[in-house]
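Student: Compute the structure for the input listed below.
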Amino acid sequence: MSQAYRRACDGDSAAAGAACARSAALQLERASNSAEAQEPLQSLDALCEHGTGAACCALVKVYSTGRVVAPDPARVSRLHAQTCPTCCDRP
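Tutor: Numbering: from 1, shown residues only. Below you'll find the predicted structure:
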């Protein structure tokens with residue numbers, strides 16, 4: 001499934017941002033430490049900055065759970081406010 005997202009991410013379709021966000025979120029789910037999480041986090045940060053709601057929602061999840069990064073409640077609140085109503089169902 002990740003390969004399909006990557007192919008869509010490389011395309012010029014309107015869904016490319018969402019596909020890129022999903023691909024990065026899948027990479028992040030597989031990361032077992034902060035070093036492995038850096039590349040997908042950077043991708044999600046860039047996508048979120050460019051208005052891809054799915055990327056912002058993925059960041060809300062990762063900074064809420066603190067699985068491979070330190071929890072950051074202030075960032076969660078800021079991202080959540082930025083993306084609502086895209087992902088108002090906080091984790």
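
Student: only C-alpha atoms for contact and neighbour calcs from this point on.
Tutor: Fine.

Student: For the residue lying closest to Ser64 once chain neighbours are set aside, give me its contacts.
Tutor: Sequence neighbours aside, Pro71 is the residue nearest to Ser64 in space, at 5.7 Å (criterion: C-alpha to C-alpha, 6 or more residues apart in numbering). Residues in contact with Pro71, defined by C-alpha atoms under 8 Å, 6 or more residues apart in numbering, are 62-65.

Student: Tell me the one of these nearest Arg22?
Tutor: Each of the contacts of Pro71 was scored against Arg22 by C-alpha to C-alpha, and Val62 proved nearest at 13.2 Å.

Student: And the closest one, how far from Glu36?
Tutor: According to C-alpha to C-alpha, to the nearest Å, Val62 stands 14 Å off from Glu36.

Student: And the helices in this protein?
Tutor: Ranges of helices in the chain, per DSSP state H, are 2-10, 16-30, 34-49, 53-65, 73-83.

Student: Which parts of stretch 25-45 count as buried, going by neighbours?
Tutor: 25-28, 31, 37, 40-41, 43-45 (16 or more other C-alpha atoms under 10 Å).

Student: Tell me where the model's unsure across this structure.
Tutor: Low-confidence segments of the chain (pLDDT under 70): 1-8, 11-14, 84-91.

Student: Pretty sure Ala55 sits against Asp45.
Tutor: Yes. Ala55 lies in contact with Asp45 (C-alpha atoms under 8 Å); the separation is 7.2 Å.

Student: Need the residues touching each of these two.
Tutor: Counting by C-alpha under 8 Å, 6+ apart, Ala55 and Asp45 have no shared contacts at all.

Student: circling back: out of the helices of the chain, which is the most enclosed?
Tutor: Each of the helices of the chain was scored by mean neighbour count; the highest is helix 53-65, a mean of 23, by mean count of other C-alpha atoms under 10 Å.

Student: helices and strands around that helix, which ones?
Tutor: helix 16-30, helix 34-49, helix 73-83 (3 or more C-alpha pairs under 8 Å, 6 or more residues apart in numbering; DSSP states H and E).
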